[in-house]
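>>> Test case, fold it:
(one chain, ligands or ions: 1)
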Amino acid sequence: MNNVYPSPHPLVAHKLALLRRKDTESQHFRELVREIAALLTYEATADLLTKPISVETPLATAPGVELQENIGLVPILRAGLGMVEGVWELMPNAEVWHIGLYRDERTLKPVEYYNKLPVAPTVSVTLILDPMLATGGSAVATIDILKRWGVTKIKFVGILAAPQGIELMQEHHPEVPIHLAVIDECLNEHGFIIPGLGDAGDRQFGTG
Ligand code: PRP
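Okay, here's the model as predicted:
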């Protein structure tokens, strides 16, 4: 599959197994989401542009770089929220723009309920954060919104994906790279990823 990057990293795999466990409590679940988000973002940002600078060490002048692009994080509410803190630990200056979508339980189609993007884009690269890529409807709708906003460089950082979600993304937005912990087997009749980890929003926020 082009442009799809399941993580090869053993730390991600280890933390993912803990995240899946049904007896992992909310607090631990949130910590794991945060940590996995940071590890996946490390992989997803390997091609960020930098510009050369020089820095004064206590002893001499050294060549260095700084990030050239300003980065926006777009967590899809609610479940994407828990990924923000992990990414902020790496990129504390990243702007965060929230998009609220929920999936209609009957149709499985995304319904937009919150969007506070300014009229013109203020960032050059956006990372969409959502742990779950199930049917792919929410991610596709978010990318549609971001493209209308005018952002051209978009990456999706998730944790679990179903093959159907990846297919829908590739049909609508094939140029958007998909960074994940893993690709799971399938969706069940309720649109849940199998074997999955249950409902990432409910497990983080103690609801459901
Ligand atoms: C979940 C998940 C994604 C979406 C994935 O959110 O966090 O946003 O479903 O499904 P899709 O790929 O089929 O669109 P949910 O609707 O449960 O809302 P929540 O995050 O508020 O719990």
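
>>> what's Ile143 in contact with, if anything?
128, 154, 156, 169, 172-173, 176 (C-beta atoms under 8 Å, 6 or more residues apart in numbering). Glycine gets a C-beta too; all of them are placed from N, C-alpha and C.

>>> Go through the residues you listed and flag which are in helices.
Of the positions in the contacts of Ile143, 169, 172 sit in helices, assigned by DSSP state H.

>>> Return the member of the contacts of Ile143 nearest to the ligand.
Using C-beta to the nearest ligand atom, Met169 is the member of the contacts of Ile143 that lies nearest the ligand, at 9.2 Å.

>>> For this structure, just list every one of the helices.
10-20, 26-44, 81-90, 137-149, 163-172, 200-205.

>>> Kindly reformat these as JSON lines containing distance to Leu180 and mean pLDDT.
Formatted as JSON lines, those follow (distance: least, C-beta to C-beta, whole Å; pLDDT from 0 to 100):
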{"stretch": "helix 10-20", "distance to Leu180": "9", "mean pLDDT": "98"}
{"stretch": "helix 26-44", "distance to Leu180": "7", "mean pLDDT": "98"}
{"stretch": "helix 81-90", "distance to Leu180": "12", "mean pLDDT": "96"}
{"stretch": "helix 137-149", "distance to Leu180": "11", "mean pLDDT": "95"}
{"stretch": "helix 163-172", "distance to Leu180": "9", "mean pLDDT": "97"}
{"stretch": "helix 200-205", "distance to Leu180": "13", "mean pLDDT": "96"}
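
>>> residues from this protein in reach of the ligand?
Within the chain, the positions near the ligand by C-beta under 6 Å from any ligand atom are 76-79, 102-103, 108, 110, 130-139, 165, 191, 199-201.

>>> of those residues, buried ones?
For the residues of the chain next to the ligand, a burial check counting by 16 or more other C-beta atoms under 10 Å picks out 76-79, 103, 110, 130-139, 165, 191, 199-201.

>>> residues in contact with Pro110?
Counting by C-beta under 8 Å, 6+ apart, Pro110 has contacts 101-104, 137-138, 141.

>>> Could you rerun that using 6 Å?
101, 103, 137-138, 141 (C-beta atoms under 6 Å, 6 or more residues apart in numbering).

>>> Same check on His190?
Applying C-beta under 6 Å, 6+ apart, no residues qualify as near His190.

>>> Dihedrals phi and psi, the closest residue to Phe192 other than its chain neighbours?
Spatial nearest neighbour of Phe192, chain neighbours left out: Ala134 (7.1 Å); criterion: C-beta to C-beta, 6 or more residues apart in numbering. Backbone torsions for Ala134, taken as degrees, to the nearest 10, come to phi -100, psi -90.

>>> Ala134 contacts Gly191, correct?
Yes. Assessed by C-beta atoms under 6 Å, Ala134 is found in contact with Gly191 at 5.5 Å.

>>> do you know how far the residue sitting furthest away from the middle of the chain is from Pro52?
Centroid-distance maximum for the chain: Leu59 at 40.4 Å, with C-alpha atoms, centre = their mean. Using C-beta to C-beta, to the nearest Å, we find Leu59 at a distance of 20 Å from Pro52.
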